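A.B. asks: Have a look; sequence and predicted model below, questions after that.
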Amino acid sequence: MKRYEEIFARYGGLVNVRVRANLVVGSDGATTLNGRSAGLSSANDRNRFHAMRAEFDVIVIGGKTAITEPYRKTPIPLVVVSHNPLIPESLTTHPALYWWQISPAAAIAKCLAEFGSRVLIEGGPNFLLAALPEITEFAITRTKISGGENKVDLVKLLTEFALVSEEVLTDEIFQIFKRVN
């Protein structure tokens, strides 16, 4: 095991670690509509999403998200975790792209070691499940939209998390959950 994995696997050497996963979810558990999360997202959600990025040191996504979502440019470094060695054409000009072929847990530990103690995960359901043991917070936007794809079981995903903040609007609910154990 590499040194950074040993030191940062459970964040023992860091103070105020935040590994937050951000997710928009339709009323039926869908995380995408027509293949992208933007179909579920409102202007309010997008504004929160972009403001949230300012609180973090690095964004981590999976390979599928890198292919389907627009990540040509981000205000902070972007780490893509994928077993596929081919970088999508849309990302080849990204100014701060890192393409790592390691596990989500190892990628999070490496991000904490190399970028700082605030990691934002913007991956899809499969990536979130793989990274779940390392996630300390969830930011979830629940919308009334249904009929999408890539459904996630929020009850399963949030089993070890407690709701700490909620804002209810007409068409969506913004929630923050923190790990309880």
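C.D. replies: Nice, I can see it.

A.B. asks: The residue lying closest to residue 163 once chain neighbours are set aside bridge partners, please.
C.D. replies: Spatial nearest neighbour of residue 163, excluding adjacent residues (CB to CB, 6 or more residues apart in numbering): residue 177 at 5.6 Å. Using the backbone N, CA and C atoms, a C-beta is placed for each residue, glycine as well. Here residue 177 sits in beta bridges with residue 138, residue 163, going by DSSP bridges.

A.B. asks: in the chain, which spans are strands?
C.D. replies: Using DSSP state E, the strands of the chain run over 18-25, 58-62, 78-81, 97-100, 118-121, 137-143, 161-168, 172-179.

A.B. asks: Mind putting those into TSV with distance to residue 34, mean pLDDT and mean neighbour count?
C.D. replies: As requested, these are exported to TSV (distance: least, CB to CB, whole Å; pLDDT from 0 to 100; neighbours: other CB atoms under 10 Å):
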stretch	distance to residue 34	mean pLDDT	mean neighbour count
strand 18-25	14	90	23
strand 58-62	19	91	24
strand 78-81	22	92	25
strand 97-100	25	88	17
strand 118-121	23	93	25
strand 137-143	14	90	21
strand 161-168	26	91	12
strand 172-179	18	91	18
